[in-house]
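Q: quick one: sequence plus predicted model below, questions after.
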Amino acid sequence: MSPAGPSRGALVLAGGLSTRMGRDKATLPFAGRTLLEHVLARLSPCVAETIVVLRPEQTLPPLPPHVRLAYDEVRERGPLGGLCAGLKAARADALYATACDVPFLAPALVELLFERLGEADIAVAEAEGRLHPLAAVYRRRVLPHVLALLAAERLRPVFLFERVTTVHVAEAARRTPAHGPLRHLDRQPRRAVHGRWLLRHRDLLPAPAAGRMDGHGL
């Protein structure tokens, strides 16, 4: 971390309902750890502060002592609601936001987005013309804009990108020798890639409750 740059943190959004899985994705086992533990381990070298955002009634196994928890104040506001809760709790000036189900998260991408942030409000990864709001760095000062969008029920993250100074970090920029191919975003949207992984490992999970296979979980 450059002393001249903003203080760096991370927000891990883990409060999704996981309706297709029947249990929290954060606690799914993968390669000897939970998905959340993988994400936290990969973020740790990149940031000085880590906040996990949960639903109010949600519980997790013990986390490392440096990890703090924040809670969504209003249900079903999607990533923007989780971002709001995390930014309110944050102390760092700029925070990388990610989902909890990205076990192959690339620290190099986190570093690159912090580098590309410059004086902008947001630096967001772009692949095949698609912006990835949960592979982006947000300055804490965007919180008033997030609150305004939530109040107006404008819940798509792209509305936030349009309101503030946003840098798009395109796929070509991410394929430099220093940062590698960053395959956890390349070629296919993260949700599709990780959705397929979860469905392949359904044998690890309890059967979902009736009516839960509604397509809104991943």
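A: Okay, I see it. Since this is a predicted model, take the numbers as computed values, not measurements.
Q: so, low pLDDT: which residues of this protein?
A: 1-5, 17-23, 171-218 (pLDDT under 70).
Q: could you redo the last one with a cut-off of 80?
A: Within the chain, the segments meeting pLDDT under 80 span 1-6, 16-24, 74-76, 171-218.
Q: for it, longest strand please?
A: strand 130-139 (DSSP state E).
Q: so what does the host helix or strand of Ala108 touch, helix or strand wise?
A: Secondary structure assigned from DSSP states H and E places Ala108 in helix 107-117. Applying 3 or more C-beta pairs under 8 Å, 6 or more residues apart in numbering; DSSP states H and E, one finds that helix 107-117 contacts helix 35-43, strand 94-99, strand 122-127, strand 130-139, strand 166-169, helix 171-174. From N, CA and C alone the C-beta is placed, and that goes for glycine too.
Q: before we move on, the earlier item: strand partners (parallel or antiparallel) of the longest strand of the chain?
A: strand 94-99 (antiparallel), strand 122-127 (antiparallel) (DSSP bridges).
Q: circling back: which stretch among the helices and strands packed on helix 107-117 comes nearest Ser7?
A: Across the helices and strands packed on helix 107-117, Ser7 has its closest neighbour in strand 94-99 (7.3 Å, C-beta to C-beta).
Q: can you say which of the helices and strands packed on helix 107-117 is packed in most?
A: strand 94-99 (a mean of 26; mean count of other C-beta atoms under 10 Å).
Q: dump that one to CSV, restricted to CA.
A: Once non-C-alpha atoms are left out, strand 94-99 reads as follows in CSV (Å, rounded to 0.1, in the frame of the first residue of the first chain):
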residue,chain,number,x,y,z
ALA,A,94,-11.5,3.3,-0.2
LEU,A,95,-12.9,-0.2,-0.1
TYR,A,96,-12.9,-3.2,-2.5
ALA,A,97,-16.3,-4.8,-2.6
THR,A,98,-16.8,-8.5,-3.4
ALA,A,99,-19.3,-11.3,-2.9
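Q: so what touches it?
A: With C-beta atoms under 8 Å, 6 or more residues apart in numbering as the contact definition, strand 94-99 has outside contacts at 6-14, 16, 39, 43, 46-47, 49, 51, 79, 83, 86-87, 105, 110, 113-114, 117, 133-140, 190, 194.
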